[in-house]
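**Student:** Coordinates only, no sequence provided:
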Ligand code: P6P
């Protein structure tokens, strides 16, 4: 049984210039994940379920756990001292750590501290998503917006924590995708899924079909394709949608499948945020042998223009993403 800490150090030679900073950074994320996990597991008896009554910049009502998770990850990252700043779904703007130590740190972290948090009140899995870049602004100065507006193919690491029937931390530094399961009795993450890869084909599709009438024609055509009866191609597929990106992504990564949050008539850019949801999940998916696009472009090649920008998101098994992209190009609205 190898622990997350041992594994990071063992793999550090894959990342020679990290000289321990990236390992320490991942260690801060590991610590915060354990703290958040503890609170989530007693949400029903602690005063941390429900909404705060405050809206974030997305116009979404913040859940108490959103703010709790945001604060714990921000504290852990600032305290560990490898990060000059963070951006978060729960922060209107980026947060620069302007201490001397912060200004001399090499990395920035972007995160969705608690994705799918409205599920907590009904005891459904939720997750944390994180994305790590080397800063582009000079050492010795505060972080700048440019440090956060980098295309996804510049990420040095990305991952998620899934607070599910078990708590797992899944990450990549560009050398495969590796999953670690928390032993809550010891507070230790142990390697449980080395070199996770997604099947090229899948029979699971994840999408909120309640929005069907507002979908682009190509998405409507793909959904009907998924529902046709054809034993040779194992159709009809199975529809599985949890309302928690991390949970749907994790299941599809293990079993094969596709997650789709397309543009709709009411949300032309879709719902998911490029920087701290789509980019990290796209990095993981490509490292696992899958694809991630906005329906036309690789997610990782998109040049960001603002912190909270949204993009349509098609992510999963290679053949399924290619199928839906084919229908999007064939059936233009
Ligand atoms: P809808 C959660 O808010 C989230 O960002 C993802 O985790 C989830 O897949 C999606 O939005 C759910 O959105 O519009 O289907 O409720």
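**Tutor:** Great, that's in hand. Not measured: the values here are computed from a predicted model.

**Student:** tell me which element the spatially most central residue of the chain is part of?
**Tutor:** The centroid of the chain falls nearest to residue 129 when counting by C-alpha atoms, centre = their mean (3.7 Å). Following DSSP states H and E, one finds residue 129 within strand 126-134.

**Student:** Kindly report the residues of the stretch 101-250 of the chain close to the ligand.
**Tutor:** The stretch 101-250 of the chain has residues 115, 116, 208, 243, 244, 245 near the ligand, with proximity defined as C-beta under 6 Å from any ligand atom. Placement of C-beta: from N, CA and C, glycine included.

**Student:** Adding secondary structure, pLDDT and neighbour count, write the residues you listed out as TSV.
**Tutor:** Converted to TSV, these look like this (DSSP: H, G, I helix; E, B strand; the rest coil; pLDDT from 0 to 100; neighbours: other C-beta atoms under 10 Å):
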residue	secondary structure	pLDDT	neighbour count
115	strand	96	27
116	coil	92	22
208	coil	97	14
243	coil	95	15
244	coil	96	22
245	helix	98	25
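
**Student:** Give the other helices and strands that the strand holding residue 129 contacts.
**Tutor:** Secondary-structure packing of strand 126-134 (3 or more C-beta pairs under 8 Å, 6 or more residues apart in numbering; DSSP states H and E): helix 21-40, helix 64-80, strand 107-115, strand 157-163, helix 245-255, helix 279-287.

**Student:** could I get those as TSV with distance to residue 307?
**Tutor:** Listed next are the helices and strands packed on strand 126-134 as TSV, based on distance: least, C-beta to C-beta, whole Å:
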stretch	distance to residue 307
helix 21-40	20
helix 64-80	14
strand 107-115	8
strand 157-163	17
helix 245-255	18
helix 279-287	12
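
**Student:** so where's the stretch 1-150 of the chain uncertain?
**Tutor:** The model of the stretch 1-150 of the chain has pLDDT under 70 over residues 13-19, 43-48.

**Student:** Which residue would be the closest one in it to the ligand?
**Tutor:** Across the stretch 1-150 of the chain, the shortest distance to the ligand (C-beta to the nearest ligand atom) belongs to residue 116, at 4.0 Å.
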